[in-house]
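>>> I'll drop the sequence and a predicted model, then ask my questions.
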Amino acid sequence: MKVIIVGGVAGGASCAARLRRLDESAQIIVFEKSGFVSYANCGLPYYVGGTIAEKSALTLQTPASFRARFNVDVRVRHEVVAIDRARKVVTVRDLENGREFAENYDKLVLSPGARPVVPPLPGIDGKNIFTLRTVEDALRIREFMDAVRPASATVVGGGFIGLEMAENLAERGAKVTIVEKMEQLLSPLDADMAAFVHAKFRDVGVSLRLGCAVTGFEEKDGQVVTNVDVGPAIAAEMVILAIGVSPDSGLAKAAGLEVGARGSILVDRHMRTSDADIYAVGDAVQVENGVTHQAALIALAGPANKQGRVAADNIAGLDSAYRASWGSSVVKLFDMTAAATGLNERAARAAGLAYDKVVLSPASHASYYPGGKAMTMKVLYEKGTLRLLGAQIVGFDGVDKRIDVLATAMQAGMNAIALKDLDLAYAPPYSSAKDPVNMAGFMIENLETGKVKQFHYEDIDHLPENITRLDVRTPAEYAGGCADGFVNIPVDELRGRLNEIDPGKPVYVMCQSALRSYIACRILAQHGYDCYNFSGGYRFYEANRKDRFREDVNTPCGAPV
């Protein structure tokens, strides 16, 4: 059996290695258009920034090492330009000399990945405007950085690559401006969670131009001027285009293979295309969203690697299937971490799902152990069924651990309340006896059993007029900032001051992290008050309203630790 694999990065390299492990006799040829194979796309921004010092660290395999270990014929700088499905032949161009030749196959695997979006804007092909997809791209940017040491840079796009590049450019001394057409960074997050990311970037000196579309570029006085539709133009010594990616599916389309969403390659669960002898994997293929079961495009390395393995299994005669993608992701943003899995609120609404949510700000580990920092978690679940729909976390230590637990619970079909019963590892340097994931389960149980009612940040400007707004933090916390109209009665004084609260009015309660306000609501409810707890607490309100975030953790009594 002769197998040709087009593309030698995540999905293609994974497929080649798996197939060899299953079939020692197969002839396997990998054609890779770039000069490198099996390289770490996700590490490219950190090579530009210097965290990864040597380019050799980016390549997990070389053509020689692939040959030695897996007996796979890897040919870099070779581009497959056409597929003749009837003859089962591909046309290959050697990019070193321009020579074209034909290569037959029994099975063909397409792993072309995704290409950066480069819209036809004036001046977009100008000097010192870069995209980042391949090792060669990273080498060009790093060479420019080392030679010029730019004092300023503009990053167009506020997704993963854009933010990672902004971080690495800033850490190399450039004054960075991020231009993003949406009103927020990081679209996997909801706007209220992205507020923490905005505050972090501004705190370290990165300028944000949100809700701002690029209209073109021009060179002026040795700089690249980025023209925008809102506000003044931005001059910088370099521009990184990180607008997004689209499936690199031109080869498949030209061959007459069926396509799906946004021109992606249509595959079944075996990663087989509309041609039984052609498979496709990675960023160019349409997948099923694991929550909504709708068609989706999810360009992440984890799914690509798994899909390559599934394709290899089926080529080798096994019955292997790729279930779906849930979009689990995590990104380092200076000393902050942001992570998400499943649906955010925008996606849940678009899917027509009836959902509820909890927002909490637990500590990364036991509050009495030094070094703990607060994280903010949002967990979405379906009303009625209590099916977990998604989660978002922004914080510092332990974010990756909690998002992985929540992703696992969601994919396993766990009931949202069952989060409270998870037996998770605990020691004071790592967690709390009630882990943040357990806390989310407790909160969902309290909501669903009627022990507490809540209101959210988006409600705060639309609250009824005839209510009591109550802040139950300490006087010192209250003096440091409060939401408009909220009066202060510390939770520890509440029982003795109930006479100050009109029993005929609903009471809307806030504290720093929503824990003490929950306690206050339980006190008030058992004294006949109709009360509502503010989800996320003042810390959440402050990040969204005042562009400020706090890393410190508060004890249940309100004292910072």
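It's in. Numbers count the residues shown, from 1 in each chain.

>>> okay, now A40: neighbour count?
If you count neighbours by other Cβ atoms under 10 Å, A40 ends up with 18. In short, each C-beta sits where N, CA and C put it, glycine included.

>>> make that T62, sorry
Counted with other Cβ under 10 Å, T62 comes out at 16.

>>> that one reaches G35, doesn't it?
No - applying Cβ atoms under 8 Å, one finds T62 not in contact with G35, separated by 10.6 Å.

>>> shared neighbours, the two?
Common contact partners of T62 and G35 (Cβ atoms under 8 Å, 6 or more residues apart in numbering): none.

>>> so where's the protein shaky on pLDDT?
The chain contains residues with pLDDT under 70 at 553-561.

>>> where do the helices sit along it?
10-22, 44-49, 63-70, 135-148, 160-171, 191-203, 250-254, 301-315, 345-350, 399-411, 436-448, 475-479, 515-525, 537-546 (DSSP state H).

>>> for the fifth one, which positions count as buried?
Read that as helix 160-171. 160-170 (16 or more other Cβ atoms under 10 Å).

>>> who are the packing partners of it?
With contacts defined as 3 or more Cβ pairs under 8 Å, 6 or more residues apart in numbering; DSSP states H and E, helix 160-171 has these neighbours: helix 44-49, strand 152-156, strand 175-180, helix 191-203, strand 239-241, strand 329-333.

>>> CA atoms of that helix as PDB?
The C-alpha coordinates for helix 160-171 follow below in PDB (Å, rounded to 0.1, in the frame of the first residue of the first chain):
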ATOM      1  CA  PHE A 160      -4.500  33.700  20.200                       C
ATOM      2  CA  ILE A 161      -1.700  34.500  17.700                       C
ATOM      3  CA  GLY A 162      -2.300  38.200  18.000                       C
ATOM      4  CA  LEU A 163      -2.100  38.300  21.800                       C
ATOM      5  CA  GLU A 164       0.900  35.900  22.000                       C
ATOM      6  CA  MET A 165       2.700  38.000  19.500                       C
ATOM      7  CA  ALA A 166       1.800  41.200  21.300                       C
ATOM      8  CA  GLU A 167       3.100  39.700  24.500                       C
ATOM      9  CA  ASN A 168       6.400  38.600  23.000                       C
ATOM     10  CA  LEU A 169       6.900  41.900  21.100                       C
ATOM     11  CA  ALA A 170       6.300  43.800  24.300                       C
ATOM     12  CA  GLU A 171       8.700  41.700  26.300                       C
END
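
>>> between it and strand 152-156, how big is the angle?
170 degrees (axes from the mean of the first three to the mean of the last three Cα atoms, to 10 degrees).

>>> just the angle for helix 160-171 relative to strand 175-180, thanks.
Going by the same axes, to 10 degrees, helix 160-171 makes 160 degrees with strand 175-180.

>>> so what touches helix 160-171?
Here helix 160-171 makes contact (Cβ under 8 Å, 6+ apart) with 45-46, 48-51, 132, 145, 150, 153, 155-156, 176, 178, 180, 185-186, 197, 201, 204-206, 240, 242, 329, 331-334.

>>> list only buried entries from the residues you listed.
Among the contacts of helix 160-171, the ones that count as buried by 16+ other Cβ under 10 Å are 45-46, 48-49, 132, 145, 150, 153, 155-156, 176, 178, 180, 185-186, 197, 201, 204, 206, 240, 242, 329, 331-334.

>>> contact partners for V452?
V452 sits next to 446, 518, 521-522, 525, 533 when contact means Cβ under 8 Å, 6+ apart.

>>> next, work out how far apart L139 and V48 are.
9 Å (Cβ to Cβ, to the nearest Å).

>>> cool, and N466?
Taking Cβ to Cβ, one finds N466 at 57 Å from V48.

>>> check L406 too.
31 Å.

>>> kindly report the same for E96.
Counting by Cβ to Cβ, the gap from E96 to V48 is 26 Å.

>>> repeat that for N438.
N438 sits 40 Å away from V48, taking Cβ to Cβ as the criterion.

>>> ditto for C212
24 Å.

>>> cool, and Q526?
For Q526, the distance to V48 - Cβ to Cβ - is 58 Å.

>>> what of K220?
From K220 over to V48 the distance is 25 Å, taken as Cβ to Cβ.

>>> the stretch 351-500 of the chain: strands as residue ranges?
355-360, 376-382, 388-395, 454-455, 468-471, 487-488 (DSSP state E, counting those that start in this stretch).

>>> most packed of these?
Of all the strands of the stretch 351-500 of the chain, strand 388-395 has the most neighbours on average by mean count of other Cβ atoms under 10 Å, namely a mean of 27.

>>> what's that strand packed up against?
Using 3+ Cβ pairs under 8 Å, 6+ apart: strand 388-395 touches helix 191-203, strand 336-342, helix 345-350, strand 376-382, helix 399-411.

>>> each with direction, which strands does it pair with?
Sheet pairing for strand 388-395, assigned by DSSP bridges, gives strand 336-342 (antiparallel), strand 376-382 (antiparallel).

>>> save those strands as JSON lines, and put in distance to V509 too.
Shown next, in JSON lines, are those (distance: least, Cβ to Cβ, whole Å):
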{"stretch": "strand 336-342", "distance to V509": "28"}
{"stretch": "strand 376-382", "distance to V509": "19"}
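
>>> nearest to G216, out of those?
strand 336-342 (30.7 Å; Cβ to Cβ).

>>> which residues touch H198?
When contacts are counted by Cβ under 8 Å, 6+ apart, H198 touches 184-185, 208, 210, 547.

>>> 6 Å instead?
If you count contacts by Cβ atoms under 6 Å, 6 or more residues apart in numbering, H198 has none.

>>> any idea how far it lies from L333?
Distance of H198 to L333, given as Cβ to Cβ: 11 Å.

>>> what do you get for S249?
Using Cβ to Cβ, S249 is found at 31 Å from L333.

>>> same thing with D73?
Plainly put, D73 is 41 Å away from L333 if you go by Cβ to Cβ.

>>> again, but for V6
Distance of V6 to L333, given as Cβ to Cβ: 34 Å.

>>> before we move on, what about T51?
T51 is 14 Å from L333, by Cβ to Cβ.

>>> now swap in K451 and tell me
Using Cβ to Cβ, we find K451 at a distance of 36 Å from L333.

>>> can you pull the buried residues of stretch 123-137?
123-124, 128-135, 137.

>>> biggest separation within the residues you listed, which pair?
By the measure Cβ to Cβ, G123 and V135 form the most distant pair in these, at 26.4 Å.

>>> burial count for T91?
T91 has 14 neighbours, counted by other Cβ under 10 Å.

>>> ok, it - contacts?
81-82, 100, 102.

>>> contacting residues around I83?
I83 touches 90, 255, counting by Cβ under 6 Å, 6+ apart.
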